[in-house]
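Colleague: sequence plus the predicted model coming up.
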Amino acid sequence: MSFEHDLLAILPRLRRFAASLSRDRADGDDLCQAALERALKARDQWQPGTRLDSWIYRIMRNLWIDEARARQRAAKTFAPAEAGEHVGHAGDRDIEAHVHLTDVDRAMQALPDEQREAIALVLVEGLSYKEAAAVLGVPMGTLTSRLVRGRGALIELMGEAA
Amino acid sequence: MTDIDEAMLIALVDGELDEVTRRRVDRAVADDPALAERLAMHRRLRERLAGHYVPIAQEPVPGAMRVLVEESVRVVPLARPAQRWRGWVTGGAIAASLVLGLSLGRLTGGEGSQIGLHDGVMVAQGALAQALDTQLASAQGDSAIRIGLTFQRKGGGWCRSFDGSVAGVACREGDGWQVQQALPGAGQGRAYRQASSSDARVMATVDALIEGEPVDAAGEAVAREKGWR
């Protein structure tokens, strides 16, 4: 019982994390729904006593990265195989099409994926560096340098508004 | 002159500094208006960003998501399938590594053992040794073993994290790979890599061993080219 109970309790935050990664709210909800389905199917892999939210953040983030890579592959049919590793700013993002977005949304979308996910986990979801590094599967030093670069870029993008 | 860098200011805003360092940054900020302005800027950024996303977490969750979770209560029987690892996973990583090391032969029997004991040390063999030797994280196809991070350890030498039926970290010793840690992995043969609770412990091991940052795809390829010397 407690698995579902805990899951319902953290749903609003999971949905927020999905929104901060995604292009718009509809994409965010699709991502969140997909992550929930994965989590429910794989529930036996979650170990009681560990953080359920971190576990699902990680599932969600992996889904999101997979999708971003698929989109990049589709966009660059002739790119060498190794280019798939450099998941950065997706060139196919049509930011101009989303005219209703706020400055914050726009700035977040302009960030390279690796900086956006770090910023979302620490600044929006309030995870500690250690927790966020574990979710992303990177060492602490990598996380902190992404946070520094991501913040610099956000301040530049949001200008005075920051 | 000040030795307070951007990362320290940011860590202060994120509540990640220990007490001593925090006081040091506070003092430097009090003496330096430019530094104080940068700190204020980082605080504003964090507040603005967090504030921007707050309303989403306060909205009612869409019915479809709620139903998905609630339905699963009714569908899934209360008695869960036995969890292979539950018994000893809670016993601590070190004990786990030892137990795992001894029982690996049985666990991975079908495909040949991935880890063997040589003079009391766990070493990679079979498919795991091959993956560590040759597989690039940037081109794994649907290999049963996934290579994670490749990095230089303190004191020199290459280490790589891996995940499959077993997850952990191995470091180059001579012509082989010494397994530093072995935990239950996320599984194998899946195109999509499921999150496993071992991840945090593998990352803790990486953090303890690593010098600098993990290499990128190009660095990984060069290291392989040079035979991990």
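Modeller: Right, received. Where do you want to start?

Colleague: mind listing the helices for chain B?
Modeller: Applying DSSP state H to chain B gives helices spanning B:6-13, B:19-31, B:33-58, B:63-75, B:86-89, B:93-107, B:126-134, B:199-209, B:217-225.

Colleague: elements contacting the last one?
Modeller: In this structure, helix B:217-225 packs against strand B:146-152, with contacts taken as 3 or more CB pairs under 8 Å, 6 or more residues apart in numbering or on different chains; DSSP states H and E. (Each C-beta comes from the backbone N, C-alpha and C, glycine too.)

Colleague: export the helices of chain B as TSV, with columns for mean pLDDT and distance to B:Q140.
Modeller: TSV is the format used below for these (pLDDT from 0 to 100; distance: least, CB to CB, whole Å):
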stretch	mean pLDDT	distance to B:Q140
helix B:6-13	94	32
helix B:19-31	94	39
helix B:33-58	93	33
helix B:63-75	77	31
helix B:86-89	42	26
helix B:93-107	48	22
helix B:126-134	92	9
helix B:199-209	83	17
helix B:217-225	92	11
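
Colleague: output stretch B:120-139 in CSV with nothing but the alpha carbons.
Modeller: Taking Å, rounded to 0.1, in the frame of the first residue of the first chain, the C-alpha atoms of stretch B:120-139 are listed here in CSV:
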residue,chain,number,x,y,z
GLY,B,120,41.4,-12.6,-2.6
VAL,B,121,40.8,-9.7,-5.1
MET,B,122,37.7,-9.4,-7.3
VAL,B,123,38.7,-9.2,-11.0
ALA,B,124,36.5,-8.8,-14.1
GLN,B,125,36.4,-11.7,-16.4
GLY,B,126,34.3,-12.9,-19.3
ALA,B,127,31.8,-10.5,-20.8
LEU,B,128,32.5,-7.9,-18.1
ALA,B,129,36.2,-7.8,-18.8
GLN,B,130,35.5,-7.6,-22.5
ALA,B,131,33.1,-4.7,-22.0
LEU,B,132,35.5,-2.8,-19.8
ASP,B,133,38.3,-3.4,-22.4
THR,B,134,36.5,-2.5,-25.5
GLN,B,135,33.0,-0.9,-25.0
LEU,B,136,32.5,2.8,-25.4
ALA,B,137,29.8,4.5,-23.4
SER,B,138,29.0,6.5,-26.5
ALA,B,139,28.4,3.4,-28.6
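
Colleague: that stretch: how far from the chain's middle?
Modeller: Its chain's C-alpha centre and that of stretch B:120-139 lie 17 Å apart, by CA atoms, centre = their mean, to the nearest Å.

Colleague: in that stretch, what's buried?
Modeller: For stretch B:120-139, a neighbour-count test (16 or more other CB atoms under 10 Å in any protein chain shown) marks B:122-125, B:127-129, B:131-133, B:135-138 as buried.

Colleague: list just the nearest of these to A:M140.
Modeller: Minimum distance to A:M140 across those is 19.3 Å, recorded for B:A137 (CB to CB).

Colleague: just the buried positions in stretch B:44-51, please.
Modeller: Of the residues in stretch B:44-51, those scored as buried under the neighbour-count criterion (16+ other CB under 10 Å) are B:45-46, B:48-49.

Colleague: correction: stretch A:4-21
Modeller: By neighbour count, and taking 16+ other CB under 10 Å as the criterion, the buried residues in stretch A:4-21 are A:4, A:7, A:10-11, A:13-21.

Colleague: which ones, among these, also lie beside chain B?
Modeller: Among the buried residues of stretch A:4-21, the ones lying near chain B by CB under 8 Å from any CB of the partner chain are A:4, A:7, A:11, A:13, A:15-16, A:19-20.

Colleague: which elements pack onto the worst-scoring helix or strand of chain A on mean pLDDT?
Modeller: Of all the helices and strands that make up chain A, the one with the lowest confidence by mean pLDDT, DSSP states H and E is helix A:52-75; it has a mean of 88. Counting contacts by 3+ CB pairs under 8 Å, 6+ apart, the secondary-structure elements packed against helix A:52-75 are helix A:2-21, helix A:25-41, helix A:113-119, helix A:129-136.

Colleague: show residues contacting the second one.
Modeller: Under the contact criterion CB atoms under 8 Å, 6 or more residues apart in numbering or on different chains, helix A:25-41 has outside partners A:7, A:11, A:14-15, A:18-22, A:46, A:55-56, A:59-60, A:63-64, A:67, B:56, B:62, B:64-65, B:68-69, B:72, B:194.

Colleague: now for B:R66: which residues touch it?
Modeller: So, once contact is read as CB under 8 Å, 6+ apart, B:R66 ends up touching A:8, A:11.

Colleague: quick check, central residue of chain B?
Modeller: For chain B, the residue whose C-alpha lies nearest the mean C-alpha position (CA atoms, centre = their mean) is B:M203; its distance is 3.2 Å.

Colleague: surely it touches A:A134?
Modeller: Yes. Between B:M203 and A:A134 there is a contact under CB atoms under 8 Å: 5.0 Å.

Colleague: count of residues packed around A:S2?
Modeller: Number of residues near A:S2 (other CB atoms under 10 Å in any protein chain shown) recorded here: 9.

Colleague: next, work out how far apart the closest residue to B:L68 other than its chain neighbours and A:D29 are.
Modeller: Of all residues not flanking B:L68 in the chain, A:L36 sits nearest, at 5.5 Å (CB to CB, 6 or more residues apart in numbering or on different chains). Separation of A:L36 from A:D29 (CB to CB, to the nearest Å): 10 Å.
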